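Asker: got a sequence here, can you build the structure:
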Amino acid sequence: MNGATADFIRVHADDDIRQLALKGTKDPDIDLPFALDQIAGRQTARRKLPTWAATDGIIFPPHLSMEQCSSEQTARYKARLAGDGRRMVDLTGGFGVDFSFMAPGFEETVYVEQQSVLCDIARQNFQLLGIQAEVVCGDGVEYLRQMPHADLIYIDPARRDRQGQRTYDISDCTPDVIALQDVLVEKADRIIIKLSPMLDWRKAVQDLSQSPCVSEVHIVSVGNECKELLLVLSTHSSDNAEPLLFCVNDDTVFTSHLIPELSSPHPSSLIPLVSQFLYEPNASIMKAGCFAEVAKAFGVSPIATNSHLFVSSQSVSQFPGRMFQIEAMTTLNKKELRVALAGITQANITVRNFPLSVAQLRSRLKLSEGGSTYIFATTLADKSHVLLVCRKTVTV
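Answerer: All right, here's what the predicted structure looks like:
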C-alpha cells in the first residue's frame with residue numbers, strides 16, 4: 001500500500017463508503033478499490049471486531065469475507081472452547097478471526113487457506129497481532145490427509161454452493177465433514193466444526209453419529225440473535241457418553257444433556273395468568289428446543305405445549321431469556337380488548353403459536369410499535385387464543 005492510498009484511507013475513515021465510490025478520485029496513485037475495502041472493513045470492524053479495528057495496519061478483506069467472518073464475541077467463545085495444547089490446525093482459515101483468538105492457547109498453530117489473497121492478508125495481520133503461525137496456502141482437505149497429529153482441528157465449511165446459494169444441510173457444505181469424519185478423528189484429539197445456525201442440529205449430530213460421535217453441541221447467540229452452531233468431536237469420549245448441549249446467549253449459558261426424545265413439560269395450571277411472571281426463552285433455547293429441561297431447571301411451566309412461553313407465580317431472575325409480568329389477558333373480543341388496552345397507543349408485539357402475524361395483529365389493534373407495553377399473542381393449553389399484556393421486569 002503506497003502513501004497516497006494510506007493517506008486517502010486515513011482522511012476518509014469515517015466517510016460514507018457509497019458516496020466515496022461515486023465521487024471517486026483523480027489521483028492515479030490512489031488504489032481506490034483497495035482503499036474502499038479498507039475503509040468499509042474498518043467501519044464494520046469497529047462494531048464486529050473492536051480489537052482488530054484498534055490495531056494500526058490491519059488489512060481488511062473484501063465485503064463478503066468481512067460479513068462472513070466471526071464477530072469478536074463469538075471468536076472469544078470459541079477460544080475458550082478450544083482451550084490450550086501443543087498443536088492446533090485451522091483447515092479453513094478465511095479472514096483468520098477465529099484462528100487469531102484460538103492460536104494463543106497453543107504452542108504450534110497452522111492456518112490453511114486456499115485463497116492466496118487471504119493468506120497474504122493473514123501473514124501481515126498475524127504479525128501485527130503478535131501471533132506466531134504457519135500459513136499454508138493450499139487445499140485444507142489435502143493438508144488434512146498428510147498433516148501430523150494435532151490436539152485440535154478447527155473447520156468452518158463453506159455454506160454456499162457454486163452458484164452462491166446458501167446450503168442448509170451439513171452434507172452440502174464444503175468440505176463435507178461427514179465424508180471426512182474418519183480422517184478428522186484420526187488426525188486430532190478434538191475437532192470443532194462451525195456450522196450455520198440455520199442447520200438442524202439434531203440431524204447434524206445424527207449424521208455424525210459414528211464412533212466417536214459428537215460430544216458437545218454449542219448454540220451461540222449474540223444479543224438474542226442466533227449466530228453459530230458448533231459441534232465438538234472428541235476421540236477421548238466414551239462411546240456411551242451422552243453429549244452435552246450448551247445454549248449460549250452473550251454471558252448466559254444453559255447446559256443440559258441431549259436425550260433422544262425431548263419430553264414435553266406439563267402446561268401451567270396457573271389460572272388466571274394475570275399478575276403471574278411470563279418468560280420468553282432466548283434465541284439459543286428456542287433453537288435447541290430443550291423446553292422440558294428449562295422448565296425443570298428453573299421451576300417454570302409452559303402456558304401450552306407448543307407456545308414456548310413459560311409462567312410462574314414467583315420471579316426467576318436467572319431464567320435464560322426475558323422476564324415480564326402479566327398485567328392483563330384478553331381474547332380478540334372487541335369489548336375485552338377495549339378494557340385490556342385502555343390508554344395503550346403503542347406496544348411491542350410478539351406472536352407465539354398464534355393464527356395472526358405481527359403485522360396483521362398490529363393492524364387489527366391499531367397500535368404503533370414501541371413503548372413500554374409488551375403484548376404476547378399466543379395459544380393456551382385449552383386451545384384458546386389470547387393476548388397477554390405485559391410489562392418488562394428488570395432483573396439484577
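
Asker: state the pLDDT value of the residue nearest in space to the middle of the chain.
Answerer: Nearest to the mean C-alpha position of the chain, by C-alpha atoms, centre = their mean, lies Lys227 at 1.5 Å. Lys227 is assigned 95 on the pLDDT scale.

Asker: again with the one 3 residues further on
Answerer: At Leu230 the predicted local confidence, pLDDT, stands at 97.

Asker: how close does the closest residue to it other than its chain neighbours sit to Arg80?
Answerer: Nearest residue to Leu230, sequence neighbours excluded (C-beta to C-beta, 6 or more residues apart in numbering): His218, at 4.0 Å. Where you see a C-beta, it was placed from the backbone N, CA and C, and this is true even at glycine. Remark: distance between His218 and Arg80 (C-beta to C-beta, to the nearest Å) = 10 Å.

Asker: swap in Leu184?
Answerer: 22 Å.

Asker: for the longest strand seen in the chain, which strands pair with it and how are they oriented?
Answerer: Determined from DSSP state E, the single longest strand within the chain is strand 368-379. Here strand 368-379 is paired, per DSSP bridges, with strand 346-352 (parallel), strand 385-392 (antiparallel).

Asker: related to what we said a few turns ago, who's the residue nearest to Leu230 bridged to?
Answerer: Leu230, Phe246.

Asker: tally of neighbours for it?
Answerer: His218 sits with 23 neighbouring residues when counted by other C-beta atoms under 10 Å.

Asker: and what of Cys173?
Answerer: By other C-beta under 10 Å, neighbour count at Cys173 equals 22.

Asker: I'd assumed Asp156 was in contact with it.
Answerer: No - assessed by C-beta atoms under 8 Å, Cys173 is found out of contact with Asp156, at 9.2 Å.

Asker: the helix or strand bottoming out on mean pLDDT in the chain - contacts with which helices or strands?
Answerer: One helix or strand of the chain scores below all others by mean pLDDT, DSSP states H and E: helix 63-68, with a mean of 72. Applying 3 or more C-beta pairs under 8 Å, 6 or more residues apart in numbering; DSSP states H and E, one finds that helix 63-68 makes contact with helix 32-48.

Asker: what's next to the helix it packs on, contact-wise?
Answerer: Helix 32-48 is contacted by residues 1, 5, 8-9, 12-15, 17, 20-21, 24-25, 52-53, 58-63, 66-67, 69, 71-72 when judged by C-beta atoms under 8 Å, 6 or more residues apart in numbering.

Asker: same question for it, mean pLDDT?
Answerer: 89.

Asker: export the next helix or strand after it as CSV, just CAs?
Answerer: Past helix 32-48, further along toward the C-terminus, the next helix or strand under DSSP states H and E is helix 50-53. Provided in CSV are the C-alpha atoms of helix 50-53 (Å, rounded to 0.1, in the frame of the first residue of the first chain):
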residue,chain,number,x,y,z
PRO,A,50,-13.1,-3.8,18.0
THR,A,51,-9.6,-5.3,18.9
TRP,A,52,-8.8,-5.5,15.2
ALA,A,53,-10.2,-2.1,14.4
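
Asker: about what we covered before: could you dump the strands paired with strand 368-379 to a markdown table with mean pLDDT?
Answerer: Converted to a markdown table, the strands paired with strand 368-379 look like this (pLDDT from 0 to 100):
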| stretch | mean pLDDT |
| --- | --- |
| strand 346-352 | 96 |
| strand 385-392 | 95 |
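
Asker: any idea which of the ones you listed gets closest to Ala122?
Answerer: strand 346-352 (42.4 Å; C-beta to C-beta).

Asker: counting by contacts, list what the helix or strand following the closest one packs against.
Answerer: Proceeding N to C from strand 346-352, the next assigned helix or strand is helix 358-365, under DSSP H and E. When contacts are defined as 3+ C-beta pairs under 8 Å, 6+ apart, helix 358-365 sits against strand 346-352, strand 368-379.

Asker: quick one: low-confidence parts of the stretch 251-396 of the chain?
Answerer: 259-272, 394-396 (pLDDT under 70).

Asker: for the residue nearest to Leu230, give me its contacts.
Answerer: Taking C-beta under 8 Å, 6+ apart, we find His218 in contact with Tyr77, Leu81, Glu228, Leu229, Leu230, Leu231, Val232, Phe246, Val248.

Asker: where's it relative to Gln68, distance?
Answerer: Applying C-beta to C-beta to His218 and Gln68 gives a distance of 19 Å.

Asker: also Glu327?
Answerer: As defined by C-beta to C-beta, Glu327 lies at a distance of 43 Å from Gln68.

Asker: which residues touch stretch 93-100?
Answerer: 49, 52, 61, 65-66, 68-70, 72, 75, 78, 90, 109, 111-113, 118-119, 121-122, 125-126, 129, 131, 133, 135, 154, 156, 194.

Asker: buried ones among these?
Answerer: Neighbour counting with 16 or more other C-beta atoms under 10 Å marks 49, 52, 61, 65-66, 69-70, 72, 75, 78, 90, 109, 111-113, 118-119, 121-122, 125-126, 129, 131, 133, 135, 154, 156, 194 as buried within the contacts of stretch 93-100.

Asker: out of those, which sit inside helices?
Answerer: Trp52, Ser65, Met66, Glu72, Ala75, Lys78, Leu118, Cys119, Ile121, Ala122, Asn125, Phe126 (DSSP state H).

Asker: contacting residues for the last one?
Answerer: Put plainly, it is Phe126. Counting by C-beta under 8 Å, 6+ apart, Phe126 has contacts Gly96, Ser100, Ala103, Tyr111, Gln132, Ala133, Val135.

Asker: give me the number of residues near Ile59?
Answerer: For Ile59, using other C-beta under 10 Å, the count is 18.

Asker: quick one: residues contacting the closest residue to it other than its chain neighbours.
Answerer: Nearest residue to Ile59, sequence neighbours excluded (C-beta to C-beta, 6+ apart): Ile121, at 4.8 Å. Ile121 makes contact with Ile59, Phe60, Pro61, Phe95, Gly96, according to C-beta under 8 Å, 6+ apart.

Asker: buried stuff in stretch 309-319?
Answerer: Quick answer for stretch 309-319 (16+ other C-beta under 10 Å): Leu309, Phe310, Val311, Ser312, Val316, Phe319.
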